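# fold the stuff below for me.
(one chain, ligands or ions: 1)
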Amino acid sequence: MNGRLAGKVSIVTGAGTGIGEAITHKFAREGAKVLAVGLNGDPIDDVVNAVNAAGGDCQGFIGDVSEPELAQAAVKAGLQQYGRLDVLVNNAGVFLEVAECQDYSLEAFDTTLLSNTRAVFLMTKYALPHLQQSHGVVLATGSEAGAIGEPNNAPYGGTKGFVHAFIRGLAVEQGKYGVRANCVCPGPVDTAWTHTDTGPMDEQMEKMTVEATVLGRRGTPEEIANVYAFLASDEASNVTGALWFADGGTLVAKGPMGAMVPDELRRQPEPSLPLQHSHDGLGNKPTTNRLGTH
Ligand code: NAD
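Numbering: from 1, shown residues only. You can find the predicted model right below:
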């Protein structure tokens, strides 16, 4: 396939649902070969089949990449399949519980740290030697919550703050190897997490989250994937150490600005990617599991 990512090999974590599914489709459409990584129970096979049916080149890997040996196995699987690595997308993450800190469970805290921070560190650690060879790119999913915090899921905002600083430090130390590192920082996106029926947010939090955007609506997974495609491409060859906010203006809003946006301007753009699992999220599957197949 021709496109901005033609000839590049990428690994996308959390690729079975939500934003990761969109990144996988977008990258393949732009010509990248993609190893799609997800937890056991994620619809990785569906995504792989849909991408390949559309003319892309995608393989799956099932495993919890917050486990060192599975992160290592995921990188190895990509190399065995495609012979090189140009782009690592650390997109996998969890948003497990909505509770004030005094009530927040230790279990959710530990799992949030594993998937949102340790997995990013491990995947990056094992991918870097290969990215140094290809002069590649590390991308990671931060969040406006990493900059301004997340009330009622304060640990989540904390993990995204880690991702922001981790990527900036990485950008500085890895420039001498020709490796770029950038963070995409979404605001509320139209995936499972931001809807009361598919995620832990209650109605008040859902309403406040959407109204806190300047644009008065959630972003779409495809809108976020578009930013990833740019940052992964050679068009972004002078961009490193960036926190690239694609948050509908949440970071700069000084109140519920979204409530002032008329309904007709709140409409999301029509999708062009054939997404099937935008709202599947974590469902009821376990958030840590080992496995390691592809
Ligand atoms: P999602 O639940 O649809 O996708 C996350 C995927 O990651 C899931 O398929 C999950 O199974 C997978 N995953 C989680 N931990 C994993 C692990 N240890 N190993 C392998 N796979 C794992 O959610 P989403 O909304 O698409 O979120 C994707 C990323 O975007 C996350 O990092 C999230 O923090 C970030 N983000 C989302 C929003 C939003 O509003 N949805 C806003 C800002 C940032």
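
# would you mark the buried spots in stretch 161-177?
Neighbour counts over stretch 161-177 (16 or more other CB atoms under 10 Å) mark 161, 162, 163, 164, 166, 167, 168, 170, 171, 174 as buried. C-betas here are computed from N, CA, C, even on glycine.

# swap that for stretch 269-278, sorry
Quick answer for stretch 269-278 (16+ other CB under 10 Å): 273, 275, 277, 278.

# that one vs the ligand: in contact?
No: figure legend: stretch 269-278 not in contact with the ligand (CB under 6 Å from any ligand atom); closest approach 7.4 Å.

# give me the distance between that stretch and the centre of its chain.
16 Å (CA atoms, centre = their mean, to the nearest Å).

# state the mean pLDDT of that stretch.
Summarised as a single mean, pLDDT over stretch 269-278 is 95.

# stretch 233-244 too?
For stretch 233-244, the mean pLDDT works out to 98.

# and if you look at stretch 23-34?
Throughout stretch 23-34, pLDDT has a mean value of 98.

# mind checking how far it is from the chain centre?
Put simply, stretch 23-34 sits 14 Å off its chain's centre (CA atoms, centre = their mean).

# same thing with stretch 268-278?
Distance of stretch 268-278 from the chain centroid (CA atoms, centre = their mean) equals 16 Å.

# measure that stretch end to end?
Stretch 268-278 has an end-to-end distance of 14 Å (criterion: CA to CA, to the nearest Å).

# per-residue pLDDT, the residue nearest the centre of the chain?
Nearest to the mean C-alpha position of the chain, counting by CA atoms, centre = their mean, stands residue 91 at 2.5 Å. pLDDT recorded at residue 91 is 98.

# how near is it to the ligand?
Distance from residue 91 to the ligand, counting by CB to the nearest ligand atom, to the nearest Å: 5 Å.

# now the strands: where do they sit in the stretch 1-150 of the chain?
Taking DSSP state E, counting those that start in this stretch as the criterion, the stretch 1-150 of the chain contains strands spanning 9-13, 33-38, 57-63, 87-90, 137-141.

# ah, wrong one, I meant the stretch 151-294 of the chain
180-186, 243-246, 291-293.

# out of the ones you listed, deepest packed?
Of the strands of the stretch 151-294 of the chain, the one with the most neighbours on average (mean count of other CB atoms under 10 Å) is strand 180-186, at a mean of 26.

# quick check, distance from that strand to the centre of its chain.
10 Å.

# tell me the mean pLDDT for it?
98.

# what's the angle from that strand to strand 137-141?
20 degrees (axes from the mean of the first three to the mean of the last three CA atoms, to 10 degrees).

# bridging residues for the residue lying closest to residue 139 once chain neighbours are set aside?
With sequence-adjacent residues excluded and distances taken as CB to CB, 6 or more residues apart in numbering, residue 139 is closest to residue 89, at 4.9 Å. Taking DSSP bridges as the rule, residue 89 bridges to residue 12, residue 139.

# ok, now which ones touch residue 89?
Residue 89 sits next to 10, 11, 12, 13, 20, 23, 27, 139, 140, 228, 232 when contact means CB atoms under 8 Å, 6 or more residues apart in numbering.

# out of these, which two sit at the greatest distance?
Pairwise distances across these (CB to CB) peak at 15.2 Å, for the pair 27 and 140.
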